[in-house]
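Asks: Quick one: sequence plus predicted model below, questions after.
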Amino acid sequence: MVLVQSGHAGPFDAYSNDYLLDVYGQGPARLRAALAGLEREELSVFPFPDKWSVKEIAFHLTESEIFGSIRFRQTLTQNKPVFPCYDQDIWTKRLKYQQRDLYELEDALDLFTLLRKTNGKLLASLEEDQWKFEGTHPENGVMTMRQLLELYADHAERHIDQILARRRLFGRTLELPSILSKRL
């Protein structure tokens, strides 16, 4: 990890852009590792009241990444854009993540992988001043490109942690070391 001085105070200030890009890029492989070996029932069970199933978490990550792709591009091409928003719980229910089959889940994982790959290349190509470009997030307020990278790098890791917690409940513990020692 390389220390970096950024223009905002936050838990990820100690991470360099390159490190966060690496974490961001590892998201799809880490998600697949977290899902590996789970049975159909384990993907769909609701082990916690009012929380998502493993399958719903995986679909949510893909749908969220679509928004991230748009937000990255808006920030780079518009003057302080207001990002689109969505209600993740409504999307989960109305887009019927829980009812989707394993083939659709595989397609979603492929899309998540492709989005992370193309977004990662875009982000890796940024000039230093572009990391300071801003847009307005509907819940988080004004965010720089750097803060968007932090948000999305952390997002997959947070949900992978949730999947690992569910695996422990199923008696299917998987050791997948954390790659972010601090969290948003």
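Replies: Looks like it came in fine.
Asks: mind listing the helices for this structure?
Replies: Along the chain, counting by DSSP state H, helices occupy 17-35, 40-44, 54-77, 88-94, 102-124, 145-169.
Asks: Return the list of helices and strands in contact with the fourth one.
Replies: Counting contacts by 3 or more Cβ pairs under 8 Å, 6 or more residues apart in numbering; DSSP states H and E, helix 88-94 packs against helix 54-77. The way it works is simple: take the backbone N, C-alpha and C, and place the C-beta from them, glycine included.
Asks: Please state the mean pLDDT value computed over the helix it packs on.
Replies: The average pLDDT within helix 54-77 is 97.
Asks: and it, what does it pack onto?
Replies: If you count contacts as 3+ Cβ pairs under 8 Å, 6+ apart, helix 54-77 packs onto helix 17-35, helix 40-44, helix 88-94, helix 102-124, strand 134-137, helix 145-169.
Asks: One more pass at 6 Å, please.
Replies: Counting contacts by 3 or more Cβ pairs under 6 Å, 6 or more residues apart in numbering; DSSP states H and E, helix 54-77 is packed against helix 40-44, helix 102-124, helix 145-169.
Asks: Of those, flag the one that's most buried.
Replies: Among the helices and strands packed on helix 54-77, helix 145-169 has the highest mean neighbour count (mean count of other Cβ atoms under 10 Å), at a mean of 20.
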